[in-house]
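Peer 1: When you get a sec, could you give me coordinates for this:
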Amino acid sequence: MNIAPIIQSIPNTELNAVVANLPAVAFAAVLGAFVFFAVGFAGPTEIHNAAHDSRHVMAFPCH
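Peer 2: Alright, predicted model coming up:
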């Protein structure tokens, strides 16, 4: 499948906006994954309790 016509049909302003936002989206995804997994398996009670409810809402097994 040739996607060149599809890409050419997207106005440059929209394509530029998408490309300009990619670093921010990637950073947010990495930061979110770090918070979700690193804090989820953290040992200190304060960190564990701070994230406890949000992990259970998302069905993340923490114990």
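Peer 1: Give me the secondary structure label for Phe60.
Peer 2: Of the three states, Phe60 takes coil according to DSSP: H, G, I helix; E, B strand; the rest coil.
Peer 1: Please report how far it lies from Asp53.
Peer 2: The gap separating Phe60 from Asp53 is 11 Å, by Cβ to Cβ, to the nearest Å. In short, each C-beta sits where N, CA and C put it, glycine included.
Peer 1: who has more neighbours, those two?
Peer 2: Set side by side, Phe60 and Asp53 show more neighbours around Phe60, with 13 against 9, by other Cβ atoms under 10 Å.
Peer 1: Next, work out how far apart that one and Phe34 are.
Peer 2: Distance from Phe60 to Phe34, by Cβ to Cβ: 14 Å.
Peer 1: Select the longest helix from this structure.
Peer 2: helix 12-38 (DSSP state H).
Peer 1: Give me the three-state assignment for Asn2.
Peer 2: coil.
Peer 1: So it versus Val35, what's the distance?
Peer 2: The gap separating Asn2 from Val35 is 40 Å, by Cβ to Cβ.
Peer 1: Which residue of these two possesses the greater neighbour count?
Peer 2: Counted by other Cβ under 10 Å, Asn2 and Val35 do not tie: Val35 has more neighbours, with 12 against 6.
Peer 1: Neighbours of the nearest residue to the more buried one once chain neighbours are set aside, how many?
Peer 2: Computed as Cβ to Cβ, 6 or more residues apart in numbering, the closest residue to Val35 that is not its neighbour in sequence is Ala51, at 7.6 Å. Counted with other Cβ under 10 Å, residues neighbouring Ala51 total 17.
Peer 1: Near Arg55, how many other residues are there?
Peer 2: 16.
Peer 1: Now that we're looking at it, what pLDDT does it have?
Peer 2: Here the pLDDT value assigned to Arg55 is 73.
Peer 1: Then the one 4 residues further on?
Peer 2: For Ala59, the pLDDT comes out at 76.
Peer 1: again with Ile3
Peer 2: So Ile3 comes in at 69 (pLDDT).
Peer 1: Also Ala29?
Peer 2: Predicted confidence (pLDDT) for Ala29: 93.
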